[in-house]
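J.: What follows is a predicted structure for the sequence shown.
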Amino acid sequence: MLLMRTDDDGELLWQRTYGSPWSDNAAFATELPSGRIVLAGAERASANVQKRPVLYMLEADGDEVWTVLFDERTESAVFYAIPLLMEDGGFAISGRTERHAPRVAGRTDSLGELLWKRWYSTNDAIDNYTYDVRRTLDGGFILAGTAFDSAFRTPLGKVDSFGCLIPGCQVFDGLEEQVTDLRDALEVFPNPASDQTNVRITLPVGTKRGNLRLPEGKLVQEGDRLIAGTHVLDPAAAHRGSSYLLGPWLSGTKVVVE
């Protein structure tokens, strides 16, 4: 990863390299109000492992202040956007991982420690990236990048301050993966419900696993593969105003219990 500083005329003042002795990824840098530089990219921990996302804090002259190399499962993963400085001194970061090639986004504190991370995917195809992340007025984020299904597309996604496509996903411990474009995957009828409620699930090809839960986290259905079709649930198991949640995090809808 190469970082260069130039003057106003583009004349080189200094250049530094960062990363491993092996083939790493490109890096993306931003200068902070303090004059320090944050560098986001990916590097290898050894010659025989995949690339891992990495975040560097640098002095204005390029000297390292700290480095965080993220343990991104077993697949190659990279940060592929300029890190976004947050009000508390932390950073919003985004890129991609090869676990079914979804886009990935996360949030760190001021020392680069991860606060949360999410994966977003439309299918199991390759070449899903986020190239930019911006803050919105409600505290959430806009993510822009590419997606590949039948053709390359340029998706734009809106998530809340916890990276959730549907607000509230942070209340489920360990929830990291979210599948996009599935707002219509869940239908509940009749609604309001009294004796029984039918939950109709429509899943596209490539959706592999998940659970059906009540908002308090009570497990309703579990399996290696959620089966599309109509499932009968007892409204007595739910509280008034419950939302059925189809996971890892596909869709949600409010259920009125009479």
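T.: All right, it came through fine. Numbers count the residues shown, from 1 in each chain.

J.: check contacts around residue 89.
T.: 109-110 (C-beta atoms under 8 Å, 6 or more residues apart in numbering). Placement of C-beta: from N, CA and C, glycine included.

J.: mind pulling up the phi and psi values for it?
T.: Torsion angles at residue 89 (phi, psi; degrees, to the nearest 10) stand at phi 90, psi 0.

J.: Check the spacing between it and residue 111 real quick.
T.: From residue 89 over to residue 111 the distance is 9 Å, taken as C-beta to C-beta, to the nearest Å.

J.: doesn't residue 85 make contact with residue 108?
T.: No. Between residue 108 and residue 85 there is no contact under C-beta atoms under 8 Å: 10.8 Å.

J.: More neighbours: these two, which one.
T.: Counted by other C-beta atoms under 10 Å, residue 108 and residue 85 do not tie: residue 108 has more neighbours, with 23 against 17.

J.: Now do that one, the pLDDT please.
T.: What the model reports for residue 108 is a pLDDT of 93.

J.: Could you give the bridge partners of it?
T.: residue 91, residue 114 (DSSP bridges).

J.: OK, contacts around it?
T.: Residue 108 neighbours (C-beta under 8 Å, 6+ apart): 55, 68, 90-91, 93, 114-115.

J.: count of residues packed around residue 37?
T.: Neighbour tally, residue 37, other C-beta under 10 Å: 20.

J.: how close does it get to residue 61?
T.: 9 Å.

J.: With residue 109 instead?
T.: Taking C-beta to C-beta, one finds residue 109 at 24 Å from residue 61.

J.: likewise residue 128?
T.: 37 Å.

J.: Likewise for residue 28?
T.: The value you get for residue 28 to residue 61, if C-beta to C-beta is used, is 19 Å.

J.: Give me the more crowded residue out of the two.
T.: residue 28 (21 against 11).

J.: Please verify my assumption that that one contacts residue 81.
T.: Yes. With contact defined as C-beta under 8 Å, residue 28 counts as touching residue 81 (6.0 Å).
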